[in-house]
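> what follows is a predicted protein model with its sequence.
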Amino acid sequence: MSSPGTIDCWKRIGVWGDRSCPELTEYLHCRNCPVYAAGAARLLDSAVSESYLAAHATHYAKAKRDSRHGTRSAVIFRIVREWFALSTTVFREVAPLRPVHSLPHRRDRIVTGLANIRGELLVCVSLTATLGLAGEVGSGQTARLAVVSREGDRFVFVADEVAGIYRYEDTDLGTVPATLAHAHATYTRGMLTWSERPVGVIDDQLLFFTLNRSLA
């Protein structure tokens, strides 16, 4: 039978202690030592209290909660009065609203100018024009600049509000309603319901194709 001093010697003088145990020269690690093995055997042979059994019985009797987190994630944001979601794979940064410098001799409604994001000038685009929305963007206190990037192409757009990240499955996507404006529907892969609001999931590949074509 082990002496009281050897009951938890691995915590005091073993690898989880100060490593002063002379047996470490032979066994290298406490798990290779017969004293440690004997301690594990004692733990397994010890009686389990009734309170321990009752607490674990109550825990495992509870109904299992759905822990599904979704395999896709998107950033939800608002443009004027409409809510949209864009894949987190293309979102790079959300920055405070700042002046957008217009480009001379450009009459394209999609490309609105250049924005300075931490010393880098990025092309600023209008999702209002791209998606065929009506109304003024960027007038509220919650307005932000959103930086997006795909395959090396980087753009900035003004969002009236950025709500955060939302996870979902493809099976959660609903059909695009026929009443949706044509341009809006063209870029929408499907609809999500978030906080009791309809959210259009944007096709980022088609969106970036249109934005790049606007630069030509």
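Received the coordinates, thanks. Numbering: from 1, shown residues only.
> quick one: the strands in this structure?
Taking DSSP state E, the strands of the chain run over residues 72-79, 82-87, 91-96, 111-117, 120-125, 144-150, 153-159, 161-168, 188-194, 197-202.
> so what's the residue nearest the centre of the chain bridging to?
Here the mean C-alpha position of the chain is nearest to the C-alpha of residue 165 (C-alpha atoms, centre = their mean), at a distance of 5.6 Å. When bridges are taken as DSSP bridges, the partners of residue 165 come out as residue 75.
> just the pLDDT at it, thanks.
In this model, residue 165 is scored at 94, pLDDT.
> I'd say it and residue 75 touch.
Yes. If you go by C-beta atoms under 8 Å, residue 165 and residue 75 touch, sitting 5.8 Å apart. (C-beta placed from N, C-alpha, C; glycine too.)
> between these two, what contacts are shared?
By the contact definition C-beta atoms under 8 Å, 6 or more residues apart in numbering, residue 165 and residue 75 are jointly contacted by residue 88.
> tell me where the chain is predicted with low confidence.
Applying pLDDT under 70 to the chain flags residues 1-7, 64-69, 181.
> mind redoing it with 50?
Counting by pLDDT under 50, the chain has low-confidence residues at 1-5.
> outline the domain layout of it.
Following automatic domain parsing, one finds the domains of the chain at 1-45, 72-215.
> looking at those domains, which is buried most?
Here the criterion is mean neighbour count by mean count of other C-beta atoms under 10 Å, and of the domains of the chain the winner is domain 72-215, at a mean of 16.
> quick one: end-to-end length of it, please.
30 Å (C-alpha to C-alpha, to the nearest Å).
> can you pull the contacts of the closest residue to residue 198 other than its chain neighbours?
The shortest distance from residue 198 to any non-neighbouring residue, by C-beta to C-beta, 6 or more residues apart in numbering, is to residue 191 (5.5 Å). Residues counted as contacts of residue 191 (C-beta under 8 Å, 6+ apart) are 173, 174, 175, 176, 177, 198, 199, 200, 201.
> tell me the contacts of the second one?
Contact partners of residue 174, counting by C-beta under 8 Å, 6+ apart, are 190, 191, 192, 193.
> any idea how far the residue nearest to residue 166 when sequence neighbours are not counted is from residue 57?
Excluding the flanking residues, the one nearest residue 166 by C-beta to C-beta, 6+ apart is residue 76, at 5.1 Å. Shown here: residue 76 relative to residue 57, a distance of 42 Å by C-beta to C-beta, to the nearest Å.
> can you check residue 146 too?
Separation of residue 146 from residue 57 (C-beta to C-beta): 50 Å.
> check residue 215 too.
Following C-beta to C-beta, the distance that separates residue 215 from residue 57 is 65 Å.
> please apply the same query to residue 185.
Noted for residue 185: a distance of 54 Å to residue 57, by C-beta to C-beta.
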